[in-house]
Each structure stands twice: as C-alpha cells, then as structure tokens.
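Undergrad: Sequence and computational prediction follow.
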Amino acid sequence: MVRERVTNNWLELSTTSGARIRVLCGVHPRAKRLRLTVTPRGARVSYPRGTHPAQISAFLCQHADWLERELGTQRQTRKDHPRLCVGRATRMPLRGEEVILDWGEGPYPRAQFQDDTLTLVLPRLQPRFLPVARGLLAGFLEERMRRDVARWMARFVPMLGLAPTALRIRPMQSQWGSLDTRDRINLDLSLALAPPAALRYVLAHELCHLKVRDHSARFWRQVDLLEPHWKIQRDWLRENGTTLKLDIERLVADIAN
C-alpha cells in the first residue's frame with residue numbers, strides 16, 4: 001500500500017515483503033496514461049494532468065512487487081559492475097559486444113580502441129583525472145554513434161523525404177530518443193553500448209515522428225517501411241534497457257548528472 005506522501009513530489013510505497021520504496025511522482029504533458037519507470041536515479045511514476053491521487057496510489061500498489069524486483073536487479077547490477085576507477089581495468093559493452101576498458105599514461109588525454117580493448121590515456125593515473133576520463137569515454141561513445149547514424153541517415157532521409165534540423169546525443173533518464181518541437185532528434189548515449197540494430201531502430205522511430213507526431217497505426221506503418229524488424233529491437237531494449245542505463249551511469253556518471 002502507499003503509506004504516505006513524503007513531499008509534494010514523492011510517495012512512499014510499502015511492498016508485501018515490508019520494504020519501503022520512494023517513488024517520484026510527476027505530471028507529464030503528453031502522457032495519456034500512468035507510466036512507471038525505473039532509472040539509475042530511482043523509481044518514477046508519470047501521469048496525465050488531472051489524475052486523481054487515488055488512481056496513482058492504486059496503480060503503485062498494483063505494481064509494487066514488480067518495482068521491488070526491478071530495484072533489486074539494479075542493486076545487484078551495480079555490485080557486478082562497479083563505477084569507473086582510474087587505473088582499474090574493467091569490462092563494458094560496446095555496440096553489443098563486451099570489450100576491455102584499460103588505462104595508459106601519455107602526454108595528452110585520448111581514447112584509443114584496438115583489438116577489443118578501449119584504452120583511456122591520461123597524463124597521470126590518479127583519481128583527480130576521473131572527470132577527464134569520463135569525458136573521454138563519453139566523447140568516444142558519441143563519436144561511434146554519430147558514425148553509425150550518419151550512415152543510416154543517408155538511407156533513411158531519402159526514403160522519408162524529411163530530415164531533422166539537428167542531432168544531439170546525451171544521457172537520458174528513461175527515454176531512448178525524442179523529437180522536439182524544432183525537429184531536433186535527441187538520442188540516449190547508452191545506445192552506444194547496444195547492438196547497432198537497436199540504435200538504428202530508435203533513430204528510425206524518431207525520424208518517423210517528423211512525419212507522424214503520435215504513435216498511431218499510421219506511424220508504425222511508417223516505421224515498418226524504414227526498419228522492418230523494429231519489433232525485435234524494441235523487445236531487446238525492453239529486456240536489456242535497465243542494464244544499459246546502469247552501465248552508462250556508472251561509466252560517465254558526472255556527465256549524466
């Protein structure tokens with residue numbers, strides 16, 4: 001049950017096991033229904049303007065056990081995938097494959113990728129260079145994404161007959177992509193860790209919003225023209241999305257925040 005309102009924007013939820021979970025609540029201007037998401041920053045429920053508080057409470061109670069399991073999975077994933085530490089080699093996903101993230105020293109900071117090893121080169125392997133390392137890693141991932149996107153845009157834009165005004169890549173809390181009112185596409189940086197087909201689906205999805213702004217049957221027919229196997233990639237993101245977002249948060253945490 002929902003026990004109490006902690007602040008104007010938070011609710012505290014008690015699960016059947018006795019655990020207490022704080023959920024951030026907020027109106028979403030385009031929401032048509034209640035939606036519960038779990039991100040590295042915690043649980044959030046979004047809802048249409050005018051939703052009665054009793055509906056929100058009932059919705060959270062209905063999903064309390066799922067929410068507890070999902071948060072437990074996140075905690076375990078954090079243990080299995082520790083945060084970036086200068087000088088300590090780790091493993092990370094890149095374009096759907098596992099690679100080694102290693103360290104080196106050199107006169108200027110740079111990221112170099114060779115033989116399934118991504119090396120972050122710093123002037124000194126000291127903790128004070130951690131923000132530099134995260135910036136290097138974020139820049140490397142963005143460059144890889146832009147390389148893929150440029151190749152696919154050359155095919156998608158002529159098929160669609162429309163093009164975005166700009167492309168921005170950044171960590172996003174719960175979305176994979178979005179199209180703003182100025183026709184700029186935003187893509188989540190964590191898609192650099194996913195198989196290329198998943199990134200290609202999200203790009204096609206957002207491009208199709210240039211023609212159809214909603215998620216009507218007409219919109220999905222348009223997506224099907226650009227990316228016929230989109231359902232497979234959507235399902236893959238639903239199954240693996242939490243881990244991807246946790247990975248990007250641990251690797252480029254200060255960039256994400």
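TA: Structure received.

Undergrad: Show me which helix runs longest in this structure.
TA: Longest helix in the chain by number of residues (criterion: DSSP state H): helix 130-160.

Undergrad: average pLDDT across that one?
TA: In this model, helix 130-160 carries a mean pLDDT of 96.

Undergrad: Next, the buried residues of that helix.
TA: For helix 130-160, the buried set under the neighbour-count rule, 16 or more other CB atoms under 10 Å, comprises 130, 133-138, 140-142, 144-145, 148-149, 152-153, 156, 160. Any C-beta I mention is one placed from the backbone N, CA and C, and that applies to glycine too.

Undergrad: Helix, strand, or coil at the nearest residue to Leu193 once chain neighbours are set aside?
TA: With CB to CB, 6 or more residues apart in numbering as the criterion, Leu193 has its nearest non-adjacent residue at 4.2 Å, and that residue is Pro93. The local conformation at Pro93, judged by DSSP: H, G, I helix; E, B strand; the rest coil, is strand.

Undergrad: rewinding a little: point out the other helices and strands that the longest helix of the chain packs with.
TA: When contacts are defined as 3 or more CB pairs under 8 Å, 6 or more residues apart in numbering; DSSP states H and E, helix 130-160 sits against strand 110-114, strand 117-122, strand 166-170, helix 196-208, helix 217-226, helix 253-256.

Undergrad: and the fifth one, which residues are buried?
TA: Residues of helix 217-226 classed as buried by neighbour count (16+ other CB under 10 Å): Phe219, Gln222, Val223, Leu226.

Undergrad: next one: the third one
TA: By neighbour count on 16+ other CB under 10 Å, the buried set for strand 166-170 is Leu167, Ile169.

Undergrad: For it, which strands pair with it and how are they oriented?
TA: According to DSSP bridges, strand 166-170 forms sheet pairs with strand 184-188 (parallel).

Undergrad: Kindly report the same for the second one.
TA: Listed by DSSP bridges, the sheet partners of strand 117-122 and their directions read strand 97-105 (parallel), strand 110-114 (antiparallel).
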